[in-house]
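Visitor: take this sequence and fold it.
(one chain, ligands or ions: 2)
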Amino acid sequence: MTSSRHLPQRIYPVVDRASWIDRLGKAGARFIQLRIKDKAGPELLEEIREGLKAANAHDITLVINDFWREALECGATHVHLGQEDLDTADMKALRAAGIGVGISTHDVPELERALSFAPWYVALGPIWPTTTKEMAFGPQGTQRLTEWRERIGPDMPLVAIGGITLERAPACLAAGADSVSAISDFIRHADPEGQVRKWLAATHS
Ligand code: TZP
Ligand code: MG
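Guide: Ligands and ions are numbered 1, 2, ... in the order given. So this is what the prediction gives:
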């Protein structure tokens with residue numbers, strides 16, 4: 001998939017374990033990123049395969065963070081890459097396999113670099129302060145989403161991430177994002193499934 005405003009859902013939970021996918025899928029999530037930071041080798045492949053199985057069961061578009069080689073090996077359909085991943089990723093191979101690639105951006109040069117790869121979507125973050133990931137960039141604010149929308153034009157999907165909560169999600173959509181992503185407001189919440197339902201309602205998904 002290339003440029004299209006179409007993303008699977010307005011909410012985009014990012015999870016660190018495959019087991020979340022069944023839980024959040026049962027609550028209605030259809031667009032999830034699997035972001036594993038503590039596994040390698042066979043354990044990593046197993047986690048990705050478990051995630052893809054759960055995603056298939058719920059008709060979820062599952063996006064694999066970082067591990068594009070493993071995504072190819074496991075038959076994933078979508079990956080998410082940071083700027084550092086772009087240095088090594090075989091974009092030709094990903095394209096040949098029909099894999100949609102979402103790319104993180106934090107400033108204008110990164111945005112231009114991302115767009116040169118004709119990505120499936122670009123992500124902008126952090127919108128608010130986040131403690132989940134150490135970042136070289138400070139909070140961008142929702143105004144920056146509007147700036148990104150103006151720069152990327154109407155047809156490129158835009159994802160907002162970083163410090164976003166249920167209460168903050170609608171402002172990201174209003175500012176120009178097509179989908180709103182979060183880690184802690186889903187998987188560190190006391191009621192993750194309930195939170196998915198509330199996010200779906202708040203974003204009219
Ligand atoms: N990329 C930009 S901010 C971020 C990532 C992966 C972390 C988002 O986590 P949270 O808990 O939703 O702020
Ligand atoms: Mg990465």
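Visitor: tell me the residues of the protein that contact ligand 1?
Guide: Within reach of ligand 1 by CB under 6 Å from any ligand atom, the chain has these residues: 125-126, 130, 132-133, 161-164, 182-185. The way it works is simple: take the backbone N, C-alpha and C, and place the C-beta from them, glycine included.
Visitor: go through the helix ranked longest in the chain and flag the buried ones.
Guide: When the chain is parsed with DSSP state H, its longest helix is helix 41-58. Buried residues in helix 41-58, defined by neighbour count with 16 or more other CB atoms under 10 Å: 44, 47-52, 54-55, 58.
Visitor: how about this structure: which residue is closest to ligand 2?
Guide: Residue nearest to ligand 2 within the chain (CB to the ion): residue 82, separated by 3.4 Å.
Visitor: quick one: the helices in this structure, in order.
Guide: Under the criterion DSSP H, the chain contains helices at 19-26, 41-58, 68-74, 83-86, 91-96, 108-116, 142-152, 169-175, 184-187, 192-202.
Visitor: tell me which residues touch the most centrally placed residue in the chain, please.
Guide: The centroid of the chain falls nearest to residue 33 when counting by CA atoms, centre = their mean (5.3 Å). Contacts for residue 33 (CB atoms under 8 Å, 6 or more residues apart in numbering) come out as 12-15, 62-65, 80, 181.
Visitor: dump those residues to TSV, plus neighbour count and pLDDT.
Guide: Below are the contacts of residue 33 laid out as TSV (neighbours: other CB atoms under 10 Å; pLDDT from 0 to 100):
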residue	neighbour count	pLDDT
12	30	98
13	25	98
14	20	98
15	23	98
62	27	98
63	29	98
64	25	98
65	21	98
80	28	98
181	27	98
